[in-house]
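Chemist: I'll drop the sequence and a predicted model, then ask my questions.
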Amino acid sequence: MSALRHVVCALSGGVDSAVAALLLRRRGYQVTGVFMKNWDSLDERGVCAADKDCEDAYKVCQILDIPFHQVSYVKEYWNDVFSDFLNEYEKGRTPNPDISCNKHIKFSCFHHYAVDNLGADAVATGHYARTSLEDEEVFEQKHTKRPDGLFRNRFEVRNPVKLLQAADSFKDQTFFLSQVSQDALRRTIFPLGELTKDFVKKIAAENRLHHVLQKKESMGICFIGKRNLEHFLLQYLQPRPGKFISIEDNTVLGTHKGWFLYTLGQRAKISGLSEPWYVVEKDGTKGDVLVAPRVDHPALYRDLLRTNRVHWIAEEPPAALVRDKMMECHFRFRHQMALVCSVLQGRGMPRQWENPAVRAICLHTPEGQEQNQSGS
């Protein structure tokens, strides 16, 4: 009789990861649960929220009768996620720490720990997502370092694993997995990919997992919690007072504590004004934030977006983009935002790419013209 496949499942102390571990047990795998502590945070009563989550994760392992481990990535999270979060805000950009956490912590640090230290045949999480591999195909994967250089494809033929949307379109979390490496995806199982959230709750209720079922779903950024984002950022970044200026007539509408605190398109809460105004542009030199009335103001729309860093999940740019220098795609910049039909256009793309991540990419609406370069 062959040995049981060993799957190491990340447990957060919530219902999704608990049910993921349960489903893996039902499939007959040897399952180990691991809780990651990534941030030292205290709630309003001075209690570490991570400690409570760890207790809940441990209780899940007791109920399922599986081994439990705890690992700390507080240092790695600070260096690779939180520091980058602050640096990006200081430059006037709005980072997504959940995407960075998945890339650097859950699907890198934890992934290597599961495989190298615990001897995992595969890694699992409670994300609502799917890949193009069946379980048995995941177990067949072996880690091989890819050769570097221009001609690496001549020495290697490898079908890339695709990251696929979950069956529950509302809960789909592929947006947060968009920076995960190909090697990590090859060794990962997403047990909840085919399920809806309601069904996951039903499974938890029927299998003595009431302690995680009753917990409120975690929303927002873990290290901020219920605190005000602006107040939180100003604990780490120096205030840079400036003005809110109407884009329509250059009227000064109020003041703020830092242009970098605002995201394009967000509502700007301007003291003394009852009607909503929205951020159109940010002037880092003068420190001004330009705003427009109404959520549908024309100044808030863009036809073109540019990026100079591209992460291809398949590791290589799509063949159509290399061949035609452009391709149709669907795009979203926010979780649960409706997908928008767009055109992806490469900039000065060679026939073969040594490093696709440094090549510039433009994304624009099918009818948008490149001379309308108002994207940011």
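Modeler: Received the coordinates, thanks.
Chemist: how about stretch 317-334: buried residues?
Modeler: Under the neighbour-count criterion of 16 or more other Cβ atoms under 10 Å, stretch 317-334 has 317, 321, 322, 327 buried. Every residue, glycine included, has its C-beta placed from N, CA and C.
Chemist: now the first one: how far from residue 339?
Modeler: Okay, so that is residue 317. 20 Å (Cβ to Cβ, to the nearest Å).
Chemist: now swap in the third one and tell me
Modeler: Note on residue 322: its distance to residue 339, by Cβ to Cβ, is 23 Å.
Chemist: Over to the last one?
Modeler: Computed with Cβ to Cβ, the distance linking residue 327 and residue 339 is 15 Å.
Chemist: how about the helices of this structure, start to end?
Modeler: 15-26, 49-64, 74-77, 83-90, 97-101, 110-112, 135-139, 182-186, 197-205, 210-213, 229-233, 319-324 (DSSP state H).
Chemist: Of those helices, give the one that comes closest to residue 281.
Modeler: Nearest of those to residue 281, taken as Cβ to Cβ: helix 83-90 at 16.8 Å.
Chemist: chain center to that closest one: distance?
Modeler: From the chain centre to the centre of helix 83-90 is a distance of 16 Å (Cα atoms, centre = their mean, to the nearest Å).
Chemist: and what of stretch 125-141?
Modeler: The answer for stretch 125-141 is 18 Å, by Cα atoms, centre = their mean.
Chemist: Report the buried residues of that stretch.
Modeler: Neighbour-count burial for stretch 125-141 flags 125, 126, 127, 128, 129, 130, 131, 133, 135, 138, 139, 141 (criterion: 16+ other Cβ under 10 Å).
Chemist: what sits against the second one?
Modeler: Put plainly, it is residue 126. 9, 10, 12, 14, 16, 17, 18, 19, 20, 191, 192 (Cβ atoms under 8 Å, 6 or more residues apart in numbering).
Chemist: Kindly format the C-alpha coordinates of the worst-scoring helix or strand of the chain on mean pLDDT as PDB.
Modeler: Ranking every helix and strand in the chain by mean pLDDT, DSSP states H and E puts strand 361-364 at the bottom, with a mean of 76. Extracted C-alpha coordinates of strand 361-364, given in PDB (Å, rounded to 0.1, in the frame of the first residue of the first chain):
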ATOM      1  CA  ILE A 361       3.000  47.600 -20.800                       C
ATOM      2  CA  CYS A 362       0.100  49.900 -21.700                       C
ATOM      3  CA  LEU A 363      -3.600  49.000 -21.000                       C
ATOM      4  CA  HIS A 364      -6.300  51.000 -22.700                       C
END
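Chemist: As CSV, the contacts of residue 126 with pLDDT would be great.
Modeler: Listed next are the contacts of residue 126 as CSV, based on pLDDT from 0 to 100:
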residue, pLDDT
9, 98
10, 98
12, 94
14, 94
16, 97
17, 97
18, 98
19, 98
20, 98
191, 98
192, 98
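Chemist: which one of the residues you listed sits closest to residue 209?
Modeler: Distances from residue 209 to the contacts of residue 126, taken as Cβ to Cβ, are shortest for residue 18 (5.2 Å).
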